[in-house]
Every structure is written in structure tokens, then in C-alpha cells.
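>>> one predicted model, sequence on top.
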Amino acid sequence: MASRTTAGLGYVSPPTHDTNHTCILNKPDTGSPETHRLYLARRTVCEMLRDRGCVIDESDITRSVSEFRSLFGDHPDVDKLRICVPLVSKPFKKVLVLFSGPEEINKAKATYMLMNIPNKESLHRIILVLAGKMNHYARKEFELCEVKVEVFPITELIVNITKHVTMPKHEVLTTEDKAKLLAKLKLVENQMPYMMETDAIARYYGLEKKQVVKITYNSNITGSFVTYRCVK
């Protein structure tokens with residue numbers, strides 16, 4: 001897993017003549033807290049898309065919060081935060097990310113959102129970043145969509161869980177690698193240790209039932225070892 005690039009950090013030489021000069025790194029972020037939350041969530045989404053094998057512009061990950069505000073404003077229009085990127089393995093298939101505002105999403109709002117998504121046939125997934133609440137009827141509308149819709153409360157995306165120092169490395173096996181592993185271990189899927197489809201890591205990678213993940217532990221506490229999980 002690639003490590004996160006620190007946004008906007010580099011060596012800044014100290015002032016020599018202009019004593020009123022202030023390093024931008026020392027300036028507090030005085031903008032809207034909600035915008036800062038959107039910035040963090042969008043950055044995590046871009047990292048998630050990259051880790052799922054999508055084409056992502058590195059600037060979307062390394063952009064600083066001040067650059068984010070310059071680009072989208074201090075009170076961004078959530079429609080302008082949307083992301084639509086292709087898969088590296090299937091460039092004709094794309095993942096669309098939508099951001100919602102703080103207002104509750106009901107059935108009518110969900111229907112309107114889905115009706116206004118063009119070219120659904122070209123989409124692999126839709127990811128909805130939810131800033132407010134969503135009622136039961138709206139969730140049903142998204143479940144009935146012909147494209148799989150994943151819903152992430154914005155609070156789940158403030159921090160990228162895969163970057164935590166205690167998190168082991170996760171690698172999603174291809175269908176071919178999974179078949180080789182099962183043959184080598186002389187196992188069938190239901191004999192493997194499992195990971196629930198609702199697990200935070202499974203959700204991050206967009207895993208589906210029967211996919212297999214290789215998990216590599218390497219720490220002073222656990223030592224070094226490899227295990228596998230089949231999504232259930």
C-alpha cells in the first residue's frame with residue numbers, strides 16, 4: 001500500500017529581509033469546519049479509488065486544504081465535488097462519486113439524484129458520500145439502482161483507516177490468484193477464515209462476497225505472518 005504523500009509540505013527557507021513574512025505552514029486554517037471535513041473526506045475517497053484500481057490524478061490526493069478552498073470555495077457546491085474516474089483494467093467502466101449536503105435524503109431526493117446521472121451503462125459503481133441522514137425509503141431506491149450504490153457517511157471518511165500504523169497490509173487477490181491459493185491449500189471457499197462484507201476494510205476496497213484478501217502482518221507485537229480472508 002502506497003504511503004500517503006504529505007500535502008503541500010516542503011522546505012521553506014526562513015525570511016532574511018522581510019520581517020513581516022509569515023510561513024504559510026504556520027497559518028491556522030480559519031475556514032469553515034464543514035469545508036475542512038469535505039476536504040478530508042474527498043481526499044480519502046481519492047485514495048480509496050486509487051487503491052481500488054482507478055485512474056486518479058495525484059494532485060487530488062496531495063492538494064492542501066488551502067488549495068481545496070481556493071478551488072472549491074469556503075462553502076463548496078457539493079455537485080462540483082463529484083468525481084468520475086475510469087478503472088485502469090477497464091477504461092470503459094467508471095466509478096462515480098457523489099457528495100450530498102446536510103439535508104436528509106428521502107425517496108424523492110434519491111429518485112431525483114439517480115435520474116440525473118447520465119450514461120449509467122458506463123458505470124461500474126456509484127459511491128455516495130452522505131453528509132446528512134437518509135431514510136429507509138431512499139436506501140431502497142439506491143438498492144434498486146441498476147448500478148451498485150455504496151453509501152459512506154462522511155464521518156467514516158475523515159480518516160483513511162488503511163493508513164493507521166496498526167493496520168496490516170491488505171491485498172485483494174485476482175480470480176486467478178484465488179484459484180491457485182485454494183488449490184495449493186486444498187481448500188474450498190467456505191473452509192477459509194472469513195471477513196464480513198460489512199467490514200470496514202471490505203467496504204474501503206469495495207469487496208464482494210467470495211473475494212479473497214491477503215493480509216500481511218509485520219509488527220513488534222504480532223510478528224511477521226500472512227493470512228487470508230474470504231469475504232462472506
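That came through, no problem.
>>> how about the helices in the protein?
33-51, 59-62, 65-72, 107-115, 136-143, 175-185, 200-205 (DSSP state H).
>>> for this structure, give me the ranges with low pLDDT.
Along the chain, the parts satisfying pLDDT under 70 run over 1-29, 222.
>>> quick check: Pro153 touching Leu130?
Yes - checked against CB atoms under 8 Å, the pair Pro153 and Leu130 is within contact range at 5.1 Å. Any C-beta I mention is one placed from the backbone N, CA and C, and that applies to glycine too.
>>> what about Arg63, how many neighbours?
Other residues lying near Arg63 total 19 when counted by other CB atoms under 10 Å.
>>> for Pro153 and Leu130, indicate the residue with more neighbours.
Leu130 (21 against 15).
>>> the more buried one against Ile105, yeah?
Yes - assessed by CB under 8 Å, Leu130 is found in contact with Ile105 at 7.3 Å.
>>> straight-line length of stretch 97-106, end to end?
19 Å (CA to CA, to the nearest Å).
>>> can you give me the strands for this protein?
With strands called from DSSP state E, the chain shows them at 83-86, 94-99, 123-130, 149-153, 169-172, 194-195, 212-219, 223-231.
>>> out of the ones you listed, flag the one nearest Leu38.
Proximity to Leu38 (CB to CB) singles out strand 94-99 among the strands of the chain, at 7.0 Å.
>>> domain parsing for the protein?
Domain segmentation of the chain under automatic domain parsing yields 30-159, 162-231.
>>> so of those, which one's packed in deepest?
domain 30-159 (a mean of 16; mean count of other CB atoms under 10 Å).
>>> next one: that one to chain centre, how far?
9 Å (CA atoms, centre = their mean, to the nearest Å).
>>> endpoints of stretch 140-154, how far apart?
From its first residue to its last, stretch 140-154 covers 20 Å (CA to CA).
>>> so who does Arg203 touch?
By CB atoms under 8 Å, 6 or more residues apart in numbering, the contact set of Arg203 is 150, 152, 197.
>>> does Phe68 touch Arg37 like I think?
No - using CB under 8 Å, Phe68 makes no contact with Arg37, being 11.2 Å away.
>>> tell me the contacts of the residue nearest to Cys54 when sequence neighbours are not counted?
In this structure, Cys54 finds its nearest non-sequential neighbour in Val85, 4.6 Å apart by CB to CB, 6 or more residues apart in numbering. By CB under 8 Å, 6+ apart, Val85 lies in contact with 49, 54-56, 94-95.
>>> first to last residue in stretch 130-145, what's the distance?
Stretch 130-145: ends 17 Å apart by CA to CA.
>>> neighbouring contacts of that stretch?
38, 78, 99-107, 109-111, 114, 120, 126, 128, 149, 151-154.
>>> can you do 10 Å?
Stretch 130-145 is contacted by residues 34, 37-38, 41, 78, 98-114, 117, 120, 123, 126, 128, 148-157 when judged by CB atoms under 10 Å, 6 or more residues apart in numbering.
>>> can you check stretch 193-202 too?
156, 161-162, 167-168, 170, 172, 203, 205, 207-213, 215, 227-232.
>>> between Leu130 and Ile105, what contacts are shared?
Common neighbours of Leu130 and Ile105 (CB under 10 Å, 6+ apart) are 138, 151.
>>> got a list of what the residue nearest to Leu49 when sequence neighbours are not counted touches?
Nearest residue to Leu49, sequence neighbours excluded (CB to CB, 6+ apart): Ile56, at 5.4 Å. Residues counted as contacts of Ile56 (CB under 10 Å, 6+ apart) are 45-50, 83, 85, 88.
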